[in-house]
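Asks: got a predicted structure here, sequence first:
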Amino acid sequence: MSDAVVLEGIDKRFPRTEGFKDILTFWRRPYLQALSGVTLNVPKGRTLGIVGPNGAGKTTLLKILAGLILPDSGRIEFAGIDVTNHPERIRERLMYVYGEERSLSWRLTARQNLKFWAALFDVPHKQVDSSVEEVLDIVSLTDVADERVMKYSTGMRHRVIIARGLLANPEILLLDEPTRSLDPVTARKLWLFIKDVLVEKLGTTLLIATHNMEEAAYLCTDVAVLRAGTVKAFAPVNEMARFFDKGRRCVISVDRVPEELVARLRSAPGILEVSVIPPNGHATGSLDMLVNDPDINIPPVIEQLVAAGSRVSQVVPVQASLGDIVVRLSEEPFN
Ligand SMILES: Nc1ncnc2c1ncn2[C@@H]1O[C@H](COP(=O)(O)OP(=O)(O)O)[C@@H](O)[C@H]1O
Ligand SMILES: [Mg+2]
């Protein structure tokens with residue numbers, strides 16, 4: 001499948017200005033490396049999650065793609081065309097959507113807001129009305145389109161922002177933390193909308209910056225983990241487990257967790273982490289363990305539990321979640 005976006009060796013640094021003195025001594029100002037050598041590609045129609053903690057460089061990367069800021073070096077290709085020095089060539093085919101409600105005019109209705117933006121986006125005059133109606137319909141706001149935006153809920157305003165992003169009928173949407181200020185129910189509705197409408201129906205290629213792992217796991221086909229401006233991992237979401245090279249998780253269900261045994265397990269060879277959920281009146285307890293090799297490390301644990309008078313009812317291997325993997329990659333010492 002052909003690539004919608006290719007990024008090669010993108011570097012970006014910002015002058016670090018922490019105080020008045022830095023402004024006065026601008027010629028020897030220290031720099032902050034926001035991105036170093038970022039290389040990624042996104043095949044057409046796929047959804048790439050750009051994940052990582054705050055300050056990792058996610059927004060900077062999306063802004064560079066959107067042509068809002070220029071990289072210091074590196075190459076950007078869009079559908080096979082080199083646009084590194086000509087971001088204007090892709091402006092109509094790519095849209096940067098950020099969840100900034102204040103960028104809407106609250107005194108205007110959703111329909112008026114969208115007409116205003118359609119004019120700014122150079123949607124041909126004759127098409128403005130039909131384009132606006134189409135995007136209102138896509139985000140299911142037709143019925144309330146004549147209400148002022150100030151009366152809308154946060155979730156509805158987010159849908160107006162997405163509708164605005166769709167006005168120019170872009171092939172690529174860049175979403176920057178699309179559910180950041182939404183409650184979990186509204187966030188889920190937006191995820192469904194993104195998956196069913198944007199991806200399935202419209203075939204849009206998506207790049208989503210997020211630090212919400214549930215969101216990334218639900219929406220993305222591919223994931224890039226950014227840490228301090230470098231790509232720590234980049235793979236299809238179902239292959240991310242290979243970056244979790246440190247141990248395997250197992251959950252052992254028991255009716256009794258002897259405390260002295262837990263202390264001994266924690267210092268046993270091959271056992272990396274042990275967390276305990278003690279049994280209560282209703283449920284059995286469990287030992288959640290991260291071990292080097294379950295085949296070798298788990299049988300002695302079960303023997304010791306039985307010897308201590310506990311009854312083991314289940315041993316379940318657990319796949320590392322995307323969150324486990326990202327946390328592990330973010331905790332690794334810098335090299
Ligand atoms: N315009 C700017 N001027 C100076 N530093 C910036 C600017 N924009 C971003 N940064 C810095 O670059 C780093 C990456 O920021 P950002 O891309 O916003 O991260 P994220 O979106 O992952 O939270 C941060 O340390 C941030 O403070
Ligand atoms: Mg950001």
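Replies: Received, thanks. Numbering: from 1, shown residues only. Ligands and ions are numbered 1, 2, ... in the order given.

Asks: tell me the contacts of the nearest residue to E215 once chain neighbours are set aside?
Replies: Spatial nearest neighbour of E215, chain neighbours left out: T179 (6.1 Å); criterion: C-beta to C-beta, 6 or more residues apart in numbering. The way it works is simple: take the backbone N, C-alpha and C, and place the C-beta from them, glycine included. Applying C-beta atoms under 8 Å, 6 or more residues apart in numbering to T179 gives the contacts G99, H158, T186, A187, L190, W191, T210, N212, E215.

Asks: okay, and which of those map to strands?
Replies: T210 (DSSP state E).

Asks: check the contacts of T179 and tell me the two furthest apart.
Replies: The most widely separated members of the contacts of T179, counting by C-beta to C-beta, are T186 and T210 (15.4 Å).

Asks: neighbour count for the two, which is higher?
Replies: Set side by side, T186 and T210 show more neighbours around T210, with 22 against 17, by other C-beta atoms under 10 Å.

Asks: doesn't the residue nearest to E215 belong to a helix?
Replies: No. T179: not assigned to a helix; according to DSSP: H, G, I helix; E, B strand; the rest coil it is coil.

Asks: quick check: phi and psi on it?
Replies: For T179, the backbone dihedrals (degrees, to the nearest 10) come out as phi -120, psi 20.

Asks: give the buried residues for stretch 305-312.
Replies: L305, S310, V312 (16 or more other C-beta atoms under 10 Å).

Asks: verify the stated contact: the second one with S253.
Replies: Which is S310. No. Using C-beta atoms under 8 Å, S310 is not in contact with S253; the gap is 10.1 Å.

Asks: hang on, the earlier thing: which of the contacts of T179 has the most neighbours?
Replies: H158 (26 neighbours).

Asks: so how far is V132 from it?
Replies: According to C-beta to C-beta, to the nearest Å, H158 and V132 sit 18 Å apart.

Asks: again with P53
Replies: 38 Å.

Asks: between the two, who's got more neighbours?
Replies: Neighbour totals were compared for P53 and V132, and V132 leads with 24 against 14 (other C-beta under 10 Å).

Asks: all the strands of this structure, residue numbers only.
Replies: 3-15, 31-43, 47-51, 73-78, 81-82, 94-98, 172-176, 205-210, 222-227, 230-236, 248-254, 271-277, 285-291, 312-318.

Asks: kindly compare burial across the ones you listed and name the winner.
Replies: strand 47-51 (a mean of 27; mean count of other C-beta atoms under 10 Å).

Asks: that one to strand 222-227, inter-axis angle?
Replies: Put simply, strand 47-51 runs at 20 degrees to strand 222-227, going by axes from the mean of the first three to the mean of the last three C-alpha atoms, to 10 degrees.

Asks: enumerate every residue touching the residue of the stretch 151-300 of the chain found nearest ligand 1.
Replies: Of all residues in the stretch 151-300 of the chain, A209 sits closest to ligand 1, at 6.1 Å by C-beta to the nearest ligand atom. A209 makes contact with I50, V51, K58, T59, L61, L62, L174, L175, D176, E177, according to C-beta under 8 Å, 6+ apart.
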